[in-house]
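Peer 1: Structure, please.
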Amino acid sequence: MKHHRHKPAFPFIKEPVEFSKNTEKNLLQYCLGGVLYLPATKNIIQKILDKKPPAPSMVMCFEDAIREEDLPEAENNVLSHLERLFTAQKEGALADDDVPLIFLRVRSREQFKQFTARLTPEQGGMLTGFVFPKFDSKSGRDYFTCLEETSRRLGVEFYAMPILEGRTVALKESRLEELARLRNLLAQYREMVLNIRVGATDFSSIFSVRRGINYSIYDIMTIRDCLSDILNFFTRTGEDYVISAPVWEYFLADKEESLEHLLEQDIHRSLLQRSSIVNEAIDGLLREVILDKANGFVGKTIIHPSHLKYVNAMQAVTREEYEDAVQVLGKTGGVIKSINSNKMNEINPHRNWAKKIKLRASAYGVIEDEGSYLQLIFE
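Peer 2: Numbering: from 1, shown residues only. Okay, the predicted model is just below:
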């Protein structure tokens, strides 16, 4: 897989890299970008075989996206997909880089155990990993125990993506103790955790709120507090988990042929000053992604394919960011003026930031400046 394939002629300063499930974890955890959630009943096999997958990384969902009575159909559909992918790869029709990162969001611990018992080594080899819903400190170890057992039985390495979305994290009186327990638990399985995901929709349900199209999840105070504490526990230096930003719930309805006049706009300034860019839904998504990045999230859960190019384009790194990061990582200490002479680069305090910028640059590429974001989005 490779991000921004819809723009083969785009003049990147640094091209994004190819990646697959076998890419080194240190980089792969930054490559997921916009992760498309699909009902596990959906038939997408032909798109993958035609090398036009719905997204470079996707989750086929056995949980909220389907009805309980459709679970047998969903499991059989997923197993069929994996079998056909293995056959295509064996016959040389698909290379490793042609297979998207495929994760399965399980319905429960019991369903996870029952389903993985049906997996063959060939089918398992097509999977990147599993998503654990409603993950908490009580149920978490069972998920990882089953994952380890499945990995040993099949001879396949899998990644885990736990979703923090339950009441013990949402409620203030239990949150900090629960996050401390979760941090200790996940530390025991650190090499298996590719991303931590957050369920802002579930958090919103607990407080009976829902963000509107004209503001972001960070404007909902109770949800903002949850997200802030999760970031505090899991992105501090020494933890360095990659955390994916919460889903944007509104579908888009853009007409690309009418957007050429937008390409010269300063997207960050316009969005943050709430000047209109495209329409409410697109502007809301882009504004939230800017805030996602500012707070340390990487990538985002998405529920509609039209969101993909917006989320992934906004993960790209500007030349100025990249040059600052290279400058910081090339020195051993002190303070120096940035290449653009518009800021100080303090070597030791900025080093951790610089490492993450270089990894994002590898995954999503380096673009000239902020004016290039819209050019990267629109064909």
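Peer 1: And for Q123, nearest residue in space, chain neighbours not counted?
Peer 2: L82 (3.8 Å; Cβ to Cβ, 6 or more residues apart in numbering). Where C-beta positions appear, they are placed from N, C-alpha and C, glycine not excepted.
Peer 1: Model confidence for that neighbour, exactly?
Peer 2: We note a pLDDT of 98 for L82 in this prediction.
Peer 1: Just to check, it is in contact with R118?
Peer 2: No - the criterion here is Cβ atoms under 8 Å, and L82 misses it with R118 at 10.5 Å.
Peer 1: more crowded one of these two?
Peer 2: The neighbour comparison of L82 against R118 (other Cβ atoms under 10 Å) goes to L82, with 22 against 11.
Peer 1: residues contacting the more buried one?
Peer 2: 102, 119, 122-124, 126-127 (Cβ atoms under 8 Å, 6 or more residues apart in numbering).
Peer 1: so is P162 in a helix, a strand, or just coil?
Peer 2: When states are read from DSSP: H, G, I helix; E, B strand; the rest coil, the local structure at P162 comes out as strand.
Peer 1: Contact partners for it?
Peer 2: 131-132, 135, 140, 143, 182, 186, 193, 196-197.
Peer 1: so what's it bridging to?
Peer 2: F132 (DSSP bridges).
Peer 1: Against E69, how distant is it?
Peer 2: Distance, P162 to E69, by Cβ to Cβ, to the nearest Å: 27 Å.
Peer 1: Identify each buried residue in the helix or strand hosting I282, please.
Peer 2: In the assignment (DSSP states H and E), I282 maps to helix 280-295. Residues 281-293 are the ones in helix 280-295 that count as buried (16 or more other Cβ atoms under 10 Å).
Peer 1: now swap in stretch 106-122 and tell me
Peer 2: In stretch 106-122, counting by 16+ other Cβ under 10 Å, buried: 106-107, 109, 112-113, 115-116, 119, 122.
Peer 1: picking up where we left off before, tell me which two in the contacts of P162 are the farthest apart.
Peer 2: Farthest-apart pair in the contacts of P162 is V131 and L182; separation 15.6 Å (Cβ to Cβ).
Peer 1: shouldn't R107 be in contact with P72?
Peer 2: No - using Cβ under 8 Å, R107 is not in contact with P72; the gap is 11.7 Å.
Peer 1: Just the C-alphas of the helix or strand encompassing Y37, formatted as PDB.
Peer 2: Taking DSSP H and E as the criterion, Y37 maps to strand 34-39. What follows is strand 34-39 as a C-alpha-only set of coordinates in PDB (Å, rounded to 0.1, in the frame of the first residue of the first chain):
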ATOM      1  CA  GLY A  34      -7.700   7.100   8.000                       C
ATOM      2  CA  VAL A  35      -8.900   3.600   8.900                       C
ATOM      3  CA  LEU A  36     -12.100   2.800   7.200                       C
ATOM      4  CA  TYR A  37     -14.700   0.800   9.300                       C
ATOM      5  CA  LEU A  38     -16.900  -1.500   7.200                       C
ATOM      6  CA  PRO A  39     -19.600  -4.000   8.200                       C
END
